[in-house]
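Asker: sequence below, structure please.
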Amino acid sequence: MALKNKVKLSNKVQKIFSGTEVGVLIEEFISQVKFIAEDVFGLHNKVDKISDDLEAVKDDVEIIKINVAKNTDDIEDIKINVAKNTSDIEDIKINVAKNTDDIEIIKTDVELIRDGSRKRVGYDEFVVLEKRVALLESRR
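Answerer: Have a look, this model is predicted:
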């Protein structure tokens with residue numbers, strides 16, 4: 001007993017399928033559904049992998065956010081230290097200028113002392129002069 005099914009192809013044309021033809025169509029349909037199911041399963045696995053990768057990326061982004069915040073704090077500290085160092089350098093420049101002036105004064109004083117010591121009599125010469133003066137005074 002062969003079943004005959006009618007399928008309307010267009011307004012005027014109809015085709016009648018036998019039970020065997022319908023069975024073949026069903027088997028082909030089932031084969032295609034299995035193929036699609038395998039593809040969906042593969043896509044599901046890929047989505048799971050992407051989801052895992054996304055979680056890892058989220059974790060990495062959180063770590064990066066924490067590090068950026070720390071680096072921002074460190075940069076602010078560095079800015080403060082640079083400003084303080086700049087102020088300290090300006091103070092040092094002023095002190096060096098003062099020391100330079102003081103050194104010039106000291107050099108002038110040393111030169112005066114050196115010139116003055118050249119005009120003075122040394123101790124040995126003083127002893128000789130003292131004896132001469134004593135001798136001259138005793139002759140008078």
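Asker: tally of neighbours for residue 45?
Answerer: Applying other CB atoms under 10 Å, we find 10 residues neighbouring residue 45. C-betas here are computed from N, CA, C, even on glycine.
Asker: go on, residue 132?
Answerer: Residue 132: 10 surrounding residues under other CB under 10 Å.
Asker: now residue 17
Answerer: 15.
Asker: my guess is it contacts residue 25. True?
Answerer: Yes. Between residue 17 and residue 25 there is a contact under CB atoms under 8 Å: 7.5 Å.
Asker: surely residue 16 is in a helix?
Answerer: No. Read with DSSP: H, G, I helix; E, B strand; the rest coil, residue 16 is strand and lies in no helix.
Asker: give me the distance between it and residue 22.
Answerer: From residue 16 across to residue 22, the span is 11 Å (CB to CB, to the nearest Å).
Asker: those two: which has the busier surroundings?
Answerer: Using other CB under 10 Å, the more surrounded residue of residue 16 and residue 22 is residue 22, with 14 against 10.
Asker: skip ahead from the helix or strand hosting the more buried one and say which helix or strand is next.
Answerer: Here residue 22 sits within helix 19-119, counting by DSSP states H and E. Counting by DSSP H and E, the element after helix 19-119 in chain order, helix or strand, is helix 123-139.
Asker: may I have that following helix exported as PDB, CA atoms only?
Answerer: Extracted C-alpha coordinates of helix 123-139, given in PDB (Å, rounded to 0.1, in the frame of the first residue of the first chain):
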ATOM      1  CA  TYR A 123     111.100  86.200  64.100                       C
ATOM      2  CA  ASP A 124     114.800  85.500  63.300                       C
ATOM      3  CA  GLU A 125     115.200  88.900  61.700                       C
ATOM      4  CA  PHE A 126     113.400  90.400  64.700                       C
ATOM      5  CA  VAL A 127     115.900  88.800  67.100                       C
ATOM      6  CA  VAL A 128     118.800  90.100  65.100                       C
ATOM      7  CA  LEU A 129     117.300  93.600  64.900                       C
ATOM      8  CA  GLU A 130     116.600  93.500  68.700                       C
ATOM      9  CA  LYS A 131     120.300  92.700  69.400                       C
ATOM     10  CA  ARG A 132     121.400  95.500  67.100                       C
ATOM     11  CA  VAL A 133     119.200  98.000  68.800                       C
ATOM     12  CA  ALA A 134     120.400  96.900  72.200                       C
ATOM     13  CA  LEU A 135     124.000  97.200  71.000                       C
ATOM     14  CA  LEU A 136     123.400 100.700  69.600                       C
ATOM     15  CA  GLU A 137     121.700 101.800  72.800                       C
ATOM     16  CA  SER A 138     124.500 100.400  74.900                       C
ATOM     17  CA  ARG A 139     127.000 102.500  72.900                       C
END
